[in-house]
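*Asks:* Build me a model from this:
(3 chains)
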Amino acid sequence: MLDAIVQGILLGGYYAILAAGLSLMFGVVRFINLAHGDLAMLGAYLALFCVERLGLPVWLAVAATLPAMAALGWLLQATIFARTLKAGILLPLLATFGLGAVLQNGMFGLFGSDTKSLGNHIGSLSWSSWQVPFDISVGKLPMFTFVVAVFVLGALHLLLARTKVGRAIRATSIDPEAAELVGIEAARVHRVAAAIAVALAALAGAFLAMRALITPYAGPAQLIFAFEAVVIGGIGSLWGTLVGGIVLGIAQSLGAWLSPQFFQLAGHVIFLAVLGARLWRTHVAEHGGWRNVVSGVRA
Amino acid sequence: MNENARPIFTVAPRRASPAGWIAIVAVAMLAVVPLLCGGPVVDKLTTLCVYVLLAVMWNLLAGYAGLVSVGQQAFFGLGGYFALRLVEAGLPPYPALVAGAFASAGIAVPISLFLLRLRNGEFAIAMWVTAEAFRLLVMFDPLVQGETGTSLLALNAYEPDLRRNLTYWVALASMAAMTAGSYWLLCRRIGWAARAIRDDEDAAASIGIETMRVKRVIFIVAALGCALAGCIWLASAITFQPRTNFGVQWTVFMLFMVLVGGLRSFEGPIIGALLFFAVQEIFGDFGAWYLAGLGAVAVAFALYLPEGIWGALRSRTGIELMPTQVKHP
Amino acid sequence: MNLLDVENLVAGHGLLTAVRDFSFSVAEGTALAVIGANGAGKTTLFRTISGVHRAQSGCVRLAGRDLSAMAAPKRVAAGIAMVPEGRRLFGDMTVRENLQVAGEHGRKGPWNLDRVIEALPALEPVMDRPADVLSGGQRQAAAIGRALMCNPRVLLLDEVSLGLSPVAVDSLYRSLALLRDAGATMVFVEQDLDRALAFADRIVCMLEGRIALEGRPERLDRSAITAAYFGLDERAGEGVHA
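*Replies:* Down below sits the predicted model:
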C-alpha cells in the first residue's frame, strides 16, 4: 500500500503537467478546452513522428514538438477560441468538442489505430528503477516526470510572478477590462496563455507516450483526468494543480492496488466526492453554519 | 405567482398549428410503413427515430435550459443495461426495454440533486465523468463480462420481421411521445422559466423561479428520452458493449445534429437529425475521416452559423412552424 | 488649443441611450468636472471616451487625432488613461505590481514608481501589499497611480471621492492639485459639488445623457446648477454658456 501511495504521488506529477494548461486557460481566458486531451495526444504523435520518421533522438523530438504545439495553441486561440468566446458558454464547449472529434479521427486517419509508444526509444529509462527502503521501487521515468512537473510548475510560477508577460497574464485573468485600461491587449494575452497551455499539453502527451501505449482516441480520458486534477486542486491555482494531480494519482493507484479495474473508477469517485464536499460546504455556508444544517436535518 | 393574473405574454397557440397537424399525419403515415415497405427501410427509419429523439432531448437540455451535458451517454447506456438486467430477471423483452428506460430516468433523480448545482463547464465535465463512472461500474457486472459485453438474446424469440417492426413502432412511439411531450413542456410556464434560467440563472432565481425544480424536470425528461433511445438502439443492435453504448460519440452526434439544425428552435434539431441521417448514409463508410469531417462541420457551424440552418432560415424569412418563442399579445 | 474633443457622442446599452449627442472640449492643462445625478450617463460617457464601451456614433479626438476606431489599449497608447468607477485594481497583485503592469504596457513617458509615490505619498507604506487589503483612500490613490503610470495626456477620473473619508478626499485633491500645477489635463466626475466647483476650471452638468449646463465655476449660479442637476427647470436645458 505504501508502494501504491508512492507510485500515486509520482503519477500526480504527470497529471499536474497535463492539468496546468487546462487550469491556465480556465483561469486566464475563462475558457474550457474540451480538446485539451486530444491536443496532448497530438503532441505525443508529433514527437513519435519525429522519432520514427525523422530519426531524431527523443529529447530533440520533444524539444521540437513543444514550440510547434505552442504555435498551434496561438493559432487556435486566434482563429477558433477567441471567436466562440464572445458568444457565452455554450459555443466554446461545442467548438472544442468538435475540434476534439477532428483531432481524434484525423490522427486515426494519419497514424492508424496501432497503439504506439515512445517507451522503446528511451532505453533503460522506461523500465529501470531505484530500490528504496520499505521494499518500494521508484521507477526512473515516473521520478523524472515528477521532477519535470515540479520544474515546469516552478518555471510557470516564476513567469507569472516575475515577468512582464506574467503580470499581464495575471492582470487579464483578474479583470480583463481593467487590463485593457492600462494598455494590455487581452486578446494577445489570451493567445500567449493558449500557446503555453497547448505546449504543456503536448509535453504531458510525450510523457504519457513514454510511459504507456497510446491511441488516437486516448485524449478524452486524459481530458477527464486533467479536469479532475484541476477541480480537486482548486481552479486557477497553479500549485493546487500539483496537489490535485497527486490526490488523483494516489486515488487511482490505491484503486488499482485493490483491483486493476478500480484504477479509473477510484479517480472518478474521489473527483465526485470532492465536488460533493465543496457543494455541501457552500450549502452549509448559505444556511448559517454547521449547527443549523445539522439541527435542520434532525428536525 | 398569481394564477388569475392576465398573462403578459402568451406562448404558442392553444390549438394545434397546421405544422402540428402535419406532424400528426406524418407520424400516422410512418406508423404504417412496415406494412408497405421491406425490412431495410424499417431498420433505417428506426435509426432515424433514435437520432431525432436524441437531438430533441439534447436541445431541450442545452438549447432551452442551458444545461450543456457531454454525458448523456450515461442514460443511453444505463437504459440498455437496465433492460438487459430486467430481461435477465424474467421480464419479456419489450416491456423490459421501456421499464429499463424509466429505471434509467429514475437514476437521473439522485444525480440531478447533485450535479445540477454545478454550473456550465463544471456541469458538462461532471456529467461526462458520471457517464464514465457508470460505464466502469456496469463492467463489473458479470452479466456484461467487462469490455466484451453481451447480447439481448431474448429478442431472438421473436420472428425477425415481427421483431424489426415492433422495435420500429416502439422507436416511433417514443420519438413522437417525447417530442410532443417536450413541445408541450416548452409551451408551458416551465418552458420559459427554463429559458430564463439559461439566460441568467441568478436573475431567474431573483424573480421567484424555482431554478432547481425547473432544471430537474428538464434534466429527468431528457434522461428518459436518451434512455429510451439507448433501449431502442439495444433492441435493434442486440449487442451491448459498454464502450459503445456508453461511448461519448453519442454526445458528438447529438451536438452535431442540434448545432447544425439550429439550437434553441424546436424544428432545428429535427432538421439536424434528418441531415445527420443523410450524411451518415452517404459518408458513413469513410470511417474516421467521416467522423473528423463531422467535427469540422460542427466547429464551422459554431464559428460561422451558431444559430444553425433553421435559425438562419428563421431569422431571414420569419418562418415559424412550431413556435416556442414568447410573443406579445 | 484643445487637447481632448468629444463630438456628438452617442452611446448606450441596447435600446437604452445613456449618452445623447454629447460634445465638449478640454484645453491642455485644465481640469473639467462632470457633474450630474445618478444615471445621468457620466460613467457611460467616460467608458466610451476610454474605449471600453463602443460608441454608437460621434467621435473622440486627442490633439486633433481621431481615436474613434481604436480599442481601449490603443487609446491608452495614444494618451488617454482612466481611473474607472469602483477603482478596478488587480486585487491579488501588490500595489507595486499594479503600477508596474501599467508602466510596462501603457504609454512611455516620465512617470515611474518613484514619481508616483512622490505624487501620492499614501502609497508608500502599502507598496507591497495586495490591492485587495487597502483602505478606500489607498485604493483610490493606487488607481490614480496606476493611471499615471500610463503617462496619460488626458486623465479621466470617474467618481473621484465616492466612498472616501473627508481626510482621504483632502489628501487626494492635494495630489490632484499638484498634478494640475505640473500641467496635467483632467476630466473628472465629482458628486460633491463644492469640491467640483473649487477644483475645476470648467464644469459640465449632465442630465439624461445631455449637457444641461456648462461653464466656468465662478460664473455659474448655484441655483442654476441645482436646477440643471435635477432637471427642475426646462430652460436650464438650453444651457447657460459662460
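
*Asks:* And the strands in the chain?
*Replies:* No chain in the question, so chain A it is. For chain A, the strands defined by DSSP state E cover A:129-132, A:136-139.

*Asks:* wait, I meant chain B there
*Replies:* B:10-11, B:150-151, B:239-240, B:326-327.

*Asks:* These: lowest mean pLDDT?
*Replies:* Lowest mean pLDDT of those: strand B:326-327, a mean of 46.

*Asks:* between the strands of chain A, which gets nearest to chain B?
*Replies:* Of all those, it is strand A:136-139 that lies closest to chain B, at 25.5 Å by Cβ to the nearest Cβ. Yep, even glycine has a C-beta here, placed from its N, CA and C like the rest.

*Asks:* Just the buried positions in that closest one, please.
*Replies:* residue A:139 (16 or more other Cβ atoms under 10 Å in any protein chain shown).

*Asks:* That strand pairs with which strands, and in what direction?
*Replies:* Strand A:136-139 sits in its sheet next to strand A:129-132 (antiparallel), going by DSSP bridges.

*Asks:* Just the CA atoms of the strand it pairs with, as PDB, please.
*Replies:* What follows is strand A:129-132 as a C-alpha-only set of coordinates in PDB (Å, rounded to 0.1, in the frame of the first residue of the first chain):
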ATOM      1  CA  SER A 129      14.100   1.900 -11.100                       C
ATOM      2  CA  TRP A 130      15.700   2.600  -7.800                       C
ATOM      3  CA  GLN A 131      15.200   0.400  -4.800                       C
ATOM      4  CA  VAL A 132      14.400   2.400  -1.700                       C
END
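
*Asks:* circling back: with mean pLDDT added, can I get the strands of chain A in a markdown table?
*Replies:* Converted to a markdown table, the strands of chain A look like this (pLDDT from 0 to 100):
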| stretch | mean pLDDT |
| --- | --- |
| strand A:129-132 | 75 |
| strand A:136-139 | 77 |
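
*Asks:* now these in a markdown table, with distance to residue A:249?
*Replies:* Listed next are the strands of chain A as a markdown table, based on distance: least, Cβ to Cβ, whole Å:
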| stretch | distance to residue A:249 |
| --- | --- |
| strand A:129-132 | 17 |
| strand A:136-139 | 13 |
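
*Asks:* On the three-state scheme, residue C:81 is what?
*Replies:* Following DSSP: H, G, I helix; E, B strand; the rest coil, the label given to residue C:81 is strand.

*Asks:* Would you confirm that it contacts residue C:158?
*Replies:* No. In this structure, residue C:81 is not within contact of residue C:158 by Cβ atoms under 8 Å, at 11.7 Å.

*Asks:* Count the residues that sit near residue 77.
*Replies:* With no chain named, the answer covers chain A. By other Cβ atoms under 10 Å in any protein chain shown, 26 other residues sit near residue A:77.

*Asks:* my bad, chain C
*Replies:* 17.

*Asks:* Distance-wise, check the residue nearest to residue B:260 when sequence neighbours are not counted relative to chain A.
*Replies:* Computed as Cβ to Cβ, 6 or more residues apart in numbering or on different chains, the closest residue to residue B:260 that is not its neighbour in sequence is residue B:272, at 4.7 Å. Using Cβ to the nearest Cβ, to the nearest Å, we find residue B:272 at a distance of 13 Å from chain A.

*Asks:* do the same with residue C:122
*Replies:* 20 Å.

*Asks:* Contact partners for that residue?
*Replies:* Residues in contact with residue C:122 (Cβ atoms under 8 Å, 6 or more residues apart in numbering or on different chains) are C:137, C:138, C:141, C:168, C:171.

*Asks:* Next, the contact list for residue A:202, please.
*Replies:* Listed by Cβ under 8 Å, 6+ apart, the contact set of residue A:202 reads A:39, A:40, A:42, A:43, A:44, A:46, A:47, A:65, A:66, A:69.

*Asks:* what about 7 Å?
*Replies:* A:39, A:40, A:43, A:65, A:66, A:69 (Cβ atoms under 7 Å, 6 or more residues apart in numbering or on different chains).

*Asks:* sorry, back to before: can you flag which of the contacts of residue C:122 belong to helices?
*Replies:* Judged by DSSP state H, helices contain the following of those: C:137, C:138, C:141, C:168, C:171.

*Asks:* Quick check: the residue nearest to residue B:260 vs residue C:64, distance?
*Replies:* 54 Å (Cβ to Cβ, to the nearest Å).

*Asks:* And those two? Which one has more around it.
*Replies:* Comparing residue B:272 with residue C:64 by other Cβ under 10 Å, the one with more neighbours is residue B:272, at 31 against 9.

*Asks:* where's that one relative to residue B:48, distance?
*Replies:* As judged by Cβ to Cβ, residue B:272 and residue B:48 stand 12 Å apart.

*Asks:* Could you do residue A:45 as well?
*Replies:* Plainly put, residue A:45 is 36 Å away from residue B:48 if you go by Cβ to Cβ.

*Asks:* what's the neighbour count on residue B:27?
*Replies:* 16.

*Asks:* Looks like it contacts residue B:175 (just checking).
*Replies:* No. Judged on Cβ atoms under 7 Å, residue B:27 makes no contact with residue B:175 at a distance of 8.4 Å.

*Asks:* on that earlier part again, got a pLDDT number for the residue nearest to residue B:260?
*Replies:* 91.

*Asks:* same deal with residue A:270?
*Replies:* pLDDT at residue A:270 comes out at 91.

*Asks:* Quick check: chain neighbours aside, which residue is closest to it?
*Replies:* Nearest to residue A:270 is residue A:251, by Cβ to Cβ, 6+ apart, at 4.0 Å.

*Asks:* and the one you found, what is it in contact with?
*Replies:* A:266, A:267, A:270.

*Asks:* tally of neighbours for the residue in the stretch 151-300 of chain B that chain C sits nearest to?
*Replies:* Nearest residue of the stretch 151-300 of chain B to chain C (Cβ to the nearest Cβ) works out as residue B:199 at 13.8 Å. If you count neighbours by other Cβ under 10 Å, residue B:199 ends up with 11.

*Asks:* I am finished for the moment; much appreciated.
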